[in-house]
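[1] Sequence plus predicted model, see below.
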Amino acid sequence: FRQTQLQRRGYQAEFWIIGSSHVVNIQTETTEVAEVISAAKTGLPTDGQIRLIAPFQSGCYQHSAGLRYQVNLELNRHDNRELFINQSQPPVDQQIYRLQQTFPSHNGDHPPPTTTIDILRADEEQLAFRTLHTYTEELALAITRTEIQFT
């Protein structure tokens, strides 16, 4: 479990890593939005349980209270261990804050699974973050990119 929060003029955001899941809750004076990405099982999945749960779709959602929420979710499965390891490293770039949790590996042949939240921008106009969930025994990744515009 990892948690952090930030307060900006006009909104407050809380970020949690809970097991192999993440929760981001954004509150303005008039609106509250939560992004939740979770595995289908209580533990780390190892049997093909990573999938999109309908009706989730990547896209842009406009809220009448002046909030524009855009999210993109990618699920990638690799059949090559080396390619998976290369893709599973979170990029080191302009993040202003990183929240990361590494979990015990059940198989010594695989790197430990991790969940990472990178906050890329957090000002009065926009909150931008990305997440990376690695499921090492399945050679699978779940990646989100989220931008919230405040107007």
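    Structure received. What you see is a predicted model; the values in this text were computed from it and never measured.
[2] use CA for all of it now, contacts and neighbours both
    Noted.
[3] Which parts of the protein are helices?
    All helices of the chain, identified by DSSP state H, fall at 81-87.
[4] Just give me the residue right at the centre of it.
    Central residue of the chain (Cα atoms, centre = their mean): Thr131, 2.9 Å from the mean position.
[5] roughly how far apart are it and Leu6?
    17 Å (Cα to Cα, to the nearest Å).
[6] Over to Tyr61?
    Using Cα to Cα, Tyr61 is found at 23 Å from Leu6.
[7] about what we covered before: quick one: the residue nearest to the centre of the chain from Asn107, how far?
    For Thr131, the distance to Asn107 - Cα to Cα - is 24 Å.
[8] Also Glu137?
    7 Å.
[9] Compare those two (neighbour count), which wins?
    Glu137 (21 against 10; other Cα atoms under 10 Å).
[10] From what I see, the more buried one and Thr114 are in contact.
    No: Glu137 lies out of contact with Thr114 (Cα atoms under 8 Å); the separation is 11.8 Å.
[11] what bridges to Ile148?
    Judged by DSSP bridges, the bridge partners of Ile148 are Tyr69, Leu127.
[12] mind starting the numbering at 8 from now?
    With the count now opening at 8, the last piece we talked about shows up as Ile155.
[13] Let me know how buried it is, in neighbour terms.
    So Ile155, with other Cα under 10 Å, has 22 neighbours.
[14] And Gly17, by the same measure?
    Gly17, neighbours per other Cα under 10 Å, totals 14.
[15] ok, the closest residue to it other than its chain neighbours - contacts?
    Once flanking residues are discounted, Gly17 sits nearest to Thr35: 5.9 Å by Cα to Cα, 6 or more residues apart in numbering. By Cα atoms under 8 Å, 6 or more residues apart in numbering, Thr35 lies in contact with 17-19.
[16] Restricted to strands, list those.
    Those of the contacts of Thr35 mapping onto strands are 18-19, per DSSP state E.
[17] between the contacts of Thr35, which is nearest Glu89?
    Gln19 (39.3 Å; Cα to Cα).
[18] hey, what's the closest residue to that closest one other than its chain neighbours bridged with?
    Of all residues not flanking Gln19 in the chain, Gln34 sits nearest, at 5.3 Å (Cα to Cα, 6+ apart). According to DSSP bridges, the residues that bridge with Gln34 are Gln19, Glu39.
[19] Fine, thanks again, bye for now.
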